[in-house]
Every structure is written in structure tokens, then in C-alpha cells.
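K.L.:
Predicted coordinates and the sequence they were generated for:
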Amino acid sequence: MKKLSNKTSAFFLFLLLFTTSLFAQGWEQTFTHNFGWGKGFDVVEAADGGFVMVGDIDYPTGAIRHYTWLVKADANGNELWSKVYNAGAVGQQTGRAVLETTDGGFIIAGSTSTDLSISGGMILRTDMNGDSLWTKVHAYNGIEKFYAIAESDDGYIAVGDATEIPNGNNQALWIVGLDEVGDSLWTKKYFTDLGSINSGMDIIRSEDGNFLIVGSRNEQILVAKITEQGEMVWSNTYAVAVTDVGLSITEKANGEILVGGYTTGFAWLSPVLITLDENGELLNTTSAGLDMPGVTSGITLSPDGGYVIVGSIHDFWTNISEDTSGYVIKYNAQGDLDWQLDLDKGTLVQASSIKLTSDGGYIISGGNTTGMFLQKIDGGLNAIKENKNQLPIAEVYPNPATEKIIIELPEDLLAENLSLDIFDSEGHLINRQRIHEGTTVIETAYLPFGLYETVIYSERELLQANRVIVTN
């Protein structure tokens with residue numbers, strides 16, 4: 001085996017230490033509660049560098065006791081405080097979305113009810129320590145729920161659905177403009193035709209000052225653009241299979257709109273991504289990931305012009321089953337897969353949302369068999385290093401490399417259906433191939449000077465990752 005000289009080793013160690021500082025540090029945490037089990041639906045990075053996650057918690061009592069749960073963690077995922085609101089009351093209260101306010105407090109959108117049949121859209125405001133300041137309930141003569149909230153010039157816009165009572169002949173798309181203290185400025189109900197089922201699941205502010213909403217309309221994906229006063233600019237539906245639902249939405253710098261959700265058909269749930277132009281015309285429909293079942297529950301842009309999605313084998317809104325797992329997938333600006341990461345299979349993690357963090361990484365909210373789940377991953381190469389403390393199974397040399405990289409594996413591992421990926425310093429996949437022999441040679445003469453990553457995996461389980469410097 002070729003060995004490195006002391007001079008080369010010292011150079012490599014220096015560069016390795018230098019480049020390591022360029023990557024954010026990752027961690028994962030589970031938050032539990034003494035009185036019940038819950039899951040996190042949304043997360044926001046706070047101004048102090050910590051994270052706040054909102055979700056629900058169930059108290060295991062004879063009566064229905066389901067409450068909004070808010071957790072604050074520091075930048076390393078350590079719990080700072082945990083708050084359960086309206087605890088002790090009989091009824092259902094949900095927390096679906098959270099934003100930080102200008103004074104360091106938080107505003108939560110969800111729903112609240114005193115029994116199973118009547119519900120109102122809920123806006124809950126807290127101070128910076130999570131203590132409740134006020135709760136506003138928006139209810140009329142039916143079942144109203146908020147699923148998402150966005151900031152506006154006048155305050156906020158919340159979106160969800162509203163079902164008429166007593167006849168219940170339709171479920172409308174429901175949008176409410178709010179002032180800074182949670183009072184209604186205006187209310188809009190769209191698609192009120194009898195027998196129709198509609199919902200709004202996510203809302204973002206568009207680059208043109210309007211707002212984009214995603215959800216469902218009569219078992220098709222619904223995307224709509226509204227003004228700040230709630231007037232409809234345009235709306236379209238998109239049919240992929242039998243039943244289609246949109247869960248998350250974002251807008252690229254070029255005006256294209258990315259929508260994540262799921263579709264059902266003969267294969268049950270399948271994650272789906274659709275791309276629209278700025279006017280809502282369909283450009284592309286793809287199945288997220290590598291032919292896996294499940295849903296795309298969250299989507300965010302990446303600094304390099306690509307985007308990252310999270311999802312689960314099962315719908316996050318259903319109960320966790322014994323064969324579920326969560327995943328993270330990074331795409332480049334052209335929509336090609338850069339890398340994929342499985343979340344913790346041992347605790348059956350399901351992912352609900354993902355946000356870009358100030359250090360270029362990502363924060364993921366969700367739930368597992370124990371409680372609320374929060375994970376921070378790096379935005380670069382380290383994002384796929386689940387087992388970075390594992391002992392090496394392969395020899396990778398020379399390092400630094402000029403014309404080639406040689407990878408030597410024990411013969412007894414070749415039956416494990418091994419693959420090799422090579423990533424550049426920004427985490428872009430530049431080469432993928434199967435490993436069929438004990439010695440694999442990768443030509444590097446065409447690669448520019450820089451830091452690269454070789455990743456060896458079996459199926460989708462990461463086995464080893466090595467940084468290699470190419471100096472030609």
C-alpha cells in the first residue's frame with residue numbers, strides 16, 4: 001500500500017482542519033414529555049441562534065386531551081424550555097406552524113376545540129420564554145383549522161380550511177388576514193361549491209409581493225396566488241394519480257414554483273414534486289427520491305440554487321407504523337439528485353418540515369416513537385455522514401491525489417452490493433458507480449484542484465466517507 005510522506009501528511013492535515021470549519025456541525029435530539037407523546041410539525045431558527053419547534057402532545061387520559069406543544073432548543077439542540085398550552089382542559093388543540101416575532105416572541109397557528117365536532121382556527125402568541133400572552137380563536141358556524149401562517153405588511157396571513165355546519169356540504173379553502181395582535185382584518189373562503197373538499201396546507205410570500213398557497217382541491221394538488229388582501233390572482237389544480245395533495249411550496253430565484261406533496265394510486269402513497277412557471281403552468285412532475293413510497297412534507301431552497309426536501313415513508317399526519325422512516329434529499333439547480341440521507345430508522349423518524357439555517361445547514365422537525373424529533377444537518381458533504389465514527393472498511397489513497405484515486409476493499413465485502421459516490425466541496429454528486437472488484441481506480445486528472453468526498457455505501461446504508469484532496 002502506498003504511504004504518504006510526512007510533508008504531504010502535514011499538508012493534508014492542515015487543509016482538512018481548515019475545510020472542516022467550513023461545514024456546519026450536525027446533531028439530532030428527541031424531546032419527550034412526562035405526561036404524553038407528541039410530534040413536531042414546524043420549526044424556526046430564532047434570532048439567538050437556537051431553534052423553536054411547535055407540535056402536538058396527547059395526554060393518555062380517558063377524556064380527549066390533545067394540546068399545543070412548543071419547545072425551545074439552543075444551537076446544539078439542547079432543550080432550554082418546553083411549554084404545553086391549555087393543559088388540563090378537555091378538547092383538542094393543535095400547533096401546525098410557528099414564526100418568530102420582532103420582539104423575540106413567537107406566534108403559532110393551529111386549531112382548537114372543546115369537542116370532536118366543533119373547531120376554530122387558533123392564533124397563539126407567546127413571549128420569548130414561551131409564556132402565553134394571548135390566544136385568538138377565529139370561528140364561525142363550522143369547523144375551521146389553520147395549517148400555515150406567513151408574515152405580511154399588516155401582520156400575518158393564515159391559511160387552512162373551513163367546513164360548513166350543520167349541513168357540511170363543502171370544505172372551503174380558508175384564508176384570514178390578521179393584524180399584529182391576531183385580530184381578523186379580512187376573511188376569504190374560496191371554492192365553496194357544494195360537495196367540494198378543499199384545503200390550504202402551506203403559504204409563502206412570493207418575490208412579487210403576493211402570496212403562494214398550496215393544498216388540495218377535490219383530490220388534486222391546488223396552487224393559488226393571492227394578493228396581500230386575499231384576492232385571488234390565479235389558481236390551478238394538478239392531477240398526478242388518483243388522489244393528490246400538496247403539502248409544501250417554495251419559489252426559486254427565476255420565478256419557478258416548487259411544490260412537494262404526495263399522490264395515491266395502486267401503489268398507495270408516492271412522494272411527488274411538481275415544478276410550475278410563475279403563472280402556475282406545469283413545467284415538470286417527478287417522483288421524489290429513488291422509487292420509494294411516502295410523502296414529500298417539506299421543501300426549502302439551498303444556497304447553490306438547488307433545493308432540499310424531507311419526507312417519510314408514511315404520511316406524517318398518520319400514526320407512526322413499524323416500517324416507517326424519514327429521508328432528506330438534495331437536488332442541484334438542474335433538478336438532478338445530489339445526495340440522499342436516511343433519518344434514524346431505529347426510532348422510526350418521520351420528517352415534517354425543513355428550513356435553511358443561517359450557517360448554510362438545515363434544521364428538520366418531525367417525530368419518532370418517543371416524541372418530538374429535531375435534527376440539524378450540514379449543508380455540504382457532512383450531511384450524508386451518518387456513521388462518520390465507524391472504523392474504515394476501505395483503503396483510499398493517494399491523498400493528496402493527482403491523476404487517480406485508488407480504493408481497496410476486502411474481498412468479503414464485495415457481495416454487499418456496494419456503490420461509490422464522489423462529491424465536490426459543495427456537496428454536488430459528480431460520479432456514481434458500482435463497486436465490483438477489490439480495487440477501484442477513479443481517474444482525477446480532469447478534476448479541478450479542491451476537496452472531494454468518496455462515499456461507499458451498501459444499498460442506502462452509508463459505510464465509509466473519506467475526504468480526498470485533488471492537487472492537479
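P.N.:
Looks like it arrived, so ask away. In this text the structure is predicted, and so the values were computed from the model without any measurement.

K.L.:
got the residue ranges for the strands in the stretch 101-250 of the chain?
P.N.:
106-113, 120-126, 132-138, 142-151, 156-164, 171-178, 184-190, 198-205, 211-217, 220-226, 232-238, 243-251 (DSSP state E, counting those that start in this stretch).

K.L.:
can you put those strands in TSV and add distance to residue 361?
P.N.:
The C-beta positions use only the backbone N, C-alpha and C, and glycine is treated the same way. As requested, these are exported to TSV (distance: least, Cβ to Cβ, whole Å):
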stretch	distance to residue 361
strand 106-113	21
strand 120-126	26
strand 132-138	31
strand 142-151	23
strand 156-164	27
strand 171-178	31
strand 184-190	36
strand 198-205	20
strand 211-217	25
strand 220-226	28
strand 232-238	31
strand 243-251	17
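
K.L.:
so residue 139 makes contact with residue 113?
P.N.:
No - contact criterion Cβ atoms under 8 Å: residue 139 and residue 113 do not qualify, at 9.0 Å.

K.L.:
in the sheet, who's paired with the residue nearest to residue 159 when sequence neighbours are not counted?
P.N.:
Spatially, and ignoring its direct neighbours in sequence, residue 159 is nearest to residue 200 (3.7 Å; Cβ to Cβ, 6 or more residues apart in numbering). For residue 200, the beta-bridge assignment (DSSP bridges) gives partners residue 215.

K.L.:
quick one: contacts for residue 200?
P.N.:
By Cβ atoms under 8 Å, 6 or more residues apart in numbering, residue 200 lies in contact with 147-148, 159-161, 173-175, 213-215, 222, 224.

K.L.:
if we can go back for a sec, between residue 139 and residue 113, tell me which one has more neighbours.
P.N.:
Neighbour count, other Cβ atoms under 10 Å: between residue 139 and residue 113, residue 113 has more, with 21 against 16.

K.L.:
The nearest residue to the more buried one once chain neighbours are set aside and residue 59, how far apart?
P.N.:
Closest residue in space to residue 113, ignoring its immediate chain neighbours: residue 119 at 4.0 Å, by Cβ to Cβ, 6+ apart. The gap separating residue 119 from residue 59 is 18 Å, by Cβ to Cβ, to the nearest Å.

K.L.:
okay, these two: which has more neighbours?
P.N.:
Remark: of residue 119 and residue 59, residue 119 carries more neighbours, 24 against 17, as counted by other Cβ under 10 Å.

K.L.:
The more buried one bridge partners, please.
P.N.:
Under the criterion DSSP bridges, residue 119 forms beta bridges with residue 143.

K.L.:
What pLDDT does the model give it?
P.N.:
At residue 119, the model reports a pLDDT of 82.

K.L.:
wait, isn't it in contact with residue 137?
P.N.:
No - counting by Cβ under 8 Å, residue 119 does not reach residue 137; the two are 9.3 Å apart.

K.L.:
Between these two, which contacts overlap?
P.N.:
What both residue 119 and residue 137 touch, as defined by Cβ under 8 Å, 6+ apart, is the set residue 112.

K.L.:
quick one: residue 263 and residue 193, what's the gap?
P.N.:
23 Å.

K.L.:
ok, now residue 261?
P.N.:
22 Å.

K.L.:
Could you do residue 356 as well?
P.N.:
Applying Cβ to Cβ, the value for residue 356 to residue 193 is 38 Å.

K.L.:
Please say which of those two ends up with more neighbours.
P.N.:
Each of residue 356 and residue 193 has its neighbours counted (other Cβ under 10 Å); residue 356 has more, 17 against 10.

K.L.:
Tell me, how many residues neighbour the closest residue to the more buried one other than its chain neighbours?
P.N.:
In space, and not counting its chain neighbours, residue 356 is closest to residue 300: 5.2 Å by Cβ to Cβ, 6+ apart. Each residue near residue 300 was counted by other Cβ under 10 Å, and the total is 20.

K.L.:
which residues touch residue 300?
P.N.:
Taking Cβ under 8 Å, 6+ apart, one finds 250, 307, 308, 354, 355, 356, 362 in contact with residue 300.

K.L.:
picking up where we left off before, okay, and the common contacts of residue 139 and residue 113?
P.N.:
Common neighbours of residue 139 and residue 113, using Cβ under 8 Å, 6+ apart, are 119, 120.

K.L.:
domains in this protein, as residue ranges please.
P.N.:
The chain breaks down by automatic domain parsing into domains covering 6-20+389-470, 27-379.

K.L.:
most packed of the ones you listed?
P.N.:
domain 27-379 (a mean of 19; mean count of other Cβ atoms under 10 Å).

K.L.:
How far does it stretch from one end to the other?
P.N.:
Taking Cα to Cα, to the nearest Å, the first and last residues of domain 27-379 lie 13 Å apart.

K.L.:
mind checking how far it is from the chain centre?
P.N.:
9 Å (Cα atoms, centre = their mean, to the nearest Å).

K.L.:
Residue 377 against residue 364, yeah?
P.N.:
Yes - counting by Cβ under 8 Å, residue 377 does reach residue 364; the two are 6.9 Å apart.

K.L.:
In the stretch 301-450 of the chain, what residue spans correspond to strands?
P.N.:
307-312, 326-331, 337-342, 350-356, 362-367, 372-377, 395-397, 404-408, 418-423, 429-434, 439-443, 450-458.

K.L.:
Which one of the ones you listed lies nearest to residue 73?
P.N.:
strand 372-377 (6.3 Å; Cβ to Cβ).
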